[in-house]
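Engineer: take this sequence and fold it.
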Amino acid sequence: MFYYLKSVEVYRPSDGVWSSVADMEISRFRPGVAVLDGLLYVMGGEMEEPVVYNTVEIYNPNSNTWTTEILSRNGERTYSGVVIDRPHHFL
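Structural biologist: Predicted coordinates for the structure are as follows:
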């Protein structure tokens, strides 16, 4: 059984507590995840049908909001990975 989630929780190691934050815009299965400059990037992944996403959702913990951008001009990704080293983005 697979789970397609848009819910997100944050863990605070200082007090050992998990807390819910704002949901992503879409449910994802097997996305790639990275953190850079205090922002959480959730990219690629799949939906219930055999369709792969071509978007990245970016979470800002200061505002508890998500923004969505296109991941790549040359196709969708599942099991995505990314390194962001401004001004270059490597997939």
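
Engineer: contacts for the helix or strand that contains Thr68?
Structural biologist: Thr68 is part of strand 65-70 when elements are defined by DSSP states H and E. Residues from elsewhere that reach strand 65-70 (CB atoms under 8 Å, 6 or more residues apart in numbering): 22-25, 54-60. Using the backbone N, CA and C atoms, a C-beta is placed for each residue, glycine as well.

Engineer: what about these, which are in strands?
Structural biologist: The strands, defined by DSSP state E, take in 55-60 from the contacts of strand 65-70.

Engineer: so how do I select the buried members of those in PyMOL?
Structural biologist: To isolate the buried members of the ones in strands among the contacts of strand 65-70 in PyMOL, using 16 or more other CB atoms under 10 Å:
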select buried, resi 55+56+57+58+59
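
Engineer: picking that back up, okay, who's weakest in the contacts of strand 65-70 by pLDDT?
Structural biologist: Ranked by pLDDT, those bottom out at Asn54 (77).

Engineer: list the contacts for Val21?
Structural biologist: Counting by CB under 8 Å, 6+ apart, Val21 has contacts 8-10, 59, 61, 64.

Engineer: closest to Pro31 among these?
Structural biologist: Pro31 lies nearest to Val8 out of the contacts of Val21, by CB to CB, at 11.0 Å.

Engineer: quick one: contacts for the closest one?
Structural biologist: Counting by CB under 8 Å, 6+ apart, Val8 has contacts 20-24, 40, 59.

Engineer: what about 6 Å?
Structural biologist: By CB atoms under 6 Å, 6 or more residues apart in numbering, the contact list for Val8 reads Val21.

Engineer: what bridges to it?
Structural biologist: Val21 (DSSP bridges).

Engineer: can you give the distance of stretch 15-23 from its chain's centre?
Structural biologist: 16 Å (CA atoms, centre = their mean, to the nearest Å).

Engineer: list the buried ones in it?
Structural biologist: So, applying 16+ other CB under 10 Å, stretch 15-23 has no buried residues.
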